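Chemist: sequence-free structure coming up:
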Ligand code: NAD
């Protein structure tokens, strides 16, 4: 763990060095019902405003985040481990897009009028009430931002429970928003057991991003009150490199998407299926690309990636790699011993679906390659997973497009990653998600839909 708890505070540690970066007060679990009651009280006035009024109240927070991007980005990187330019970029990205995002959310939740023969219906997107937003550590400002903004603009009040690994940047984010928000509209609670306690409390909606196992626990707990849930979970994203693919481009994408953020990305490329005719060339190019992903502390200018978040995560990745090697996988690059939480980016070839590394989420910098003999085999193997967040298909344009529609993932990139047009939802299929967010359809997941119909 990169965090340690004392009776009353939660220390956040630099994962590269173990130094204490700072601490926050642990929220007494017994206080959570009162915090939720305060949020419910604040919801009365907040929900009575229009979405556009709420958007306008939040808007200045964007400029404030941009103004403080360097300072907050450094805090983020010290606490989470990613290179400082990525930390700054994450904060600046949230700040610079905020104004457009709040407007997009306000627009999405406006009432819609439907007209029929002698009848008119108005579809309202009302707030649920109190939203618990529970978030992970891998993008420790972006993930709270993705959950908190739509919840607030839709008129809910929010109790944010950020990861206990990255409490400082989440606290700083909440503090910035709270410079502009009325009291009680956004509160934050810290700690591990505070997550389940918040789910149990009198909240109406739980917006969660994190692991599948935690998502399952939340869904079980939410069943009692039939609380609404939005679960954005883990994955095991495949990349297909088909005959006709640009091998250099595919290998460059594979390395970047397998190793960035030290592989600690929900849409990391974790499985790669390559047409046998391209296999040798692809593996050689991927190994060359892997060389540029040196791991080092956040302030090492030569480091492309940071450490693993904690020893447990490093041990999980090392175990999966060892198990794969025992079962016949070949190390093409990396897998060298590194001290502390650092881990060397690794390329494995000759993996099979008997290996845990092709089934369970790795969340580490390991690219696993398998040669395939046909498009059908590639599709079958890619879809042989309980997960389905993202996927990428590289190949001749029209073949890749039709293969993309055969993927069981929620988001598929053709000759690119999954990033798409503004307004696209961020959506996981199968066990990678339950409900979703982003884009007009995603924003409305934070709303109770109600319809009023009348004669005309
Ligand atoms: P995690 O599930 O361990 O923790 C996430 C959050 O849930 C933390 O704040 C934690 O304190 C809290 N929590 C833990 N147990 C809980 C419980 N029983 N009830 C309520 N809250 C509880 O995940 P993590 O290790 O922080 O993050 C990594 C995971 O997040 C990976 O699986 C990754 O794929 C996933 N992730 C998914 C997306 C997405 O968009 N789908 C984005 C980022 C990360």
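Modeler: That came in fine, so what should we check first? Keep in mind that what you see is a predicted model, and the values were worked out from it rather than measured.
Chemist: hey, where'd the strands end up in the stretch 51-200 of the chain?
Modeler: Counting by DSSP state E, counting those that start in this stretch, the stretch 51-200 of the chain has strands at residues 112-116, 119-127, 130-134, 157-161, 186-188.
Chemist: what's the closest of the ones you listed to the ligand?
Modeler: Smallest distance to the ligand across the strands of the stretch 51-200 of the chain (CB to the nearest ligand atom): 4.7 Å, for strand 130-134. Glycine gets a C-beta too; all of them are placed from N, C-alpha and C.
Chemist: from the strands of the stretch 51-200 of the chain, which stretch is densest packed?
Modeler: Comparing these by mean neighbour count (mean count of other CB atoms under 10 Å), strand 130-134 ranks first with a mean of 29.
Chemist: could you say what helices and strands that one packs with?
Modeler: Strand 130-134 sits against helix 32-48, helix 142-153, strand 157-161, helix 194-200, strand 205-209, with contacts defined as 3 or more CB pairs under 8 Å, 6 or more residues apart in numbering; DSSP states H and E.
Chemist: switch to 6 Å and redo it
Modeler: helix 32-48, helix 142-153, strand 157-161, strand 205-209 (3 or more CB pairs under 6 Å, 6 or more residues apart in numbering; DSSP states H and E).
Chemist: contact partners of the longest helix seen in the chain?
Modeler: Secondary structure of the chain per DSSP state H: the longest helix is helix 84-108. Identification of contacts with helix 84-108 by CB atoms under 6 Å, 6 or more residues apart in numbering yields 51-52, 55, 58-59, 62, 65-66, 69-70, 72-74, 76-77, 141-142, 145, 149-150, 153, 298-299, 440, 443-444.
Chemist: mark which of the residues you listed are buried, thanks.
Modeler: 51-52, 55, 58-59, 62, 65-66, 69, 72-74, 76-77, 141-142, 145, 149-150, 153, 298, 443-444 (16 or more other CB atoms under 10 Å).
Chemist: who's in contact with residue 218?
Modeler: Contact partners of residue 218, counting by CB under 6 Å, 6+ apart, are 199, 206, 208.
Chemist: what's around the first one, how many residues?
Modeler: With neighbours defined by other CB atoms under 10 Å, the count for residue 199 comes to 24.
Chemist: can you give me the pLDDT of it?
Modeler: The per-residue pLDDT reported for residue 199 equals 98.
Chemist: number of nearby residues for residue 32?
Modeler: Residue 32: 25 surrounding residues under other CB under 10 Å.
Chemist: quick revisit: would you list the strands of the stretch 51-200 of the chain in TSV and tack on mean pLDDT and distance to the ligand?
Modeler: Shown next, in TSV, are the strands of the stretch 51-200 of the chain (pLDDT from 0 to 100; distance: least, CB to the nearest ligand atom, whole Å):
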stretch	mean pLDDT	distance to the ligand
strand 112-116	97	27
strand 119-127	98	22
strand 130-134	98	5
strand 157-161	98	6
strand 186-188	98	11
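Chemist: which among the ones you listed is found nearest to residue 20?
Modeler: strand 186-188 (19.8 Å; CB to CB).
Chemist: give the buried residues for the helix or strand hosting residue 377.
Modeler: Assigned by DSSP states H and E, residue 377 falls within helix 375-382. Within helix 375-382, the residues that count as buried by 16+ other CB under 10 Å are 375, 378-379, 381-382.
Chemist: ok, stretch 295-306 next?
Modeler: Across stretch 295-306, burial judged by 16+ other CB under 10 Å covers 295-298, 303-306.
Chemist: cool, and stretch 155-175?
Modeler: 155-174.
Chemist: gap between it and the chain center?
Modeler: 15 Å (CA atoms, centre = their mean, to the nearest Å).
Chemist: stretch 184-201 now?
Modeler: From the chain centre to the centre of stretch 184-201 is a distance of 19 Å (CA atoms, centre = their mean).
Chemist: near the ligand, which residues of this protein?
Modeler: Neighbours of the ligand within the chain, by CB under 6 Å from any ligand atom: 134-138, 143, 161-164, 192, 195-196, 199, 209-211, 214, 217-218, 232-235, 266, 361, 363, 389, 428, 433.
Chemist: excluding chain neighbours, what is closest to residue 377?
Modeler: residue 273 (7.8 Å; CB to CB, 6 or more residues apart in numbering).
Chemist: in contact with that neighbour, which residues?
Modeler: Going by CB under 6 Å, 6+ apart, residue 273 touches 240, 370, 372, 378, 381-382.
Chemist: helix, strand or coil for residue 450?
Modeler: strand (DSSP: H, G, I helix; E, B strand; the rest coil).
Chemist: domain parsing for the chain?
Modeler: Under the assignment automatic domain parsing, the domains of the chain span 3-234+431-455, 237-422.
Chemist: please tell me how far residue 282 sits from residue 391.
Modeler: The gap separating residue 282 from residue 391 is 17 Å, by CB to CB, to the nearest Å.
Chemist: so those two - more neighbours on which side?
Modeler: More crowded of residue 282 and residue 391, by other CB under 10 Å: residue 391, with 30 against 24.
Chemist: in contact with the nearest residue to that one once chain neighbours are set aside, which residues?
Modeler: In space, and not counting its chain neighbours, residue 391 is closest to residue 409: 3.9 Å by CB to CB, 6+ apart. Residue 409 is in contact with 388, 390-391, 429, counting by CB under 6 Å, 6+ apart.
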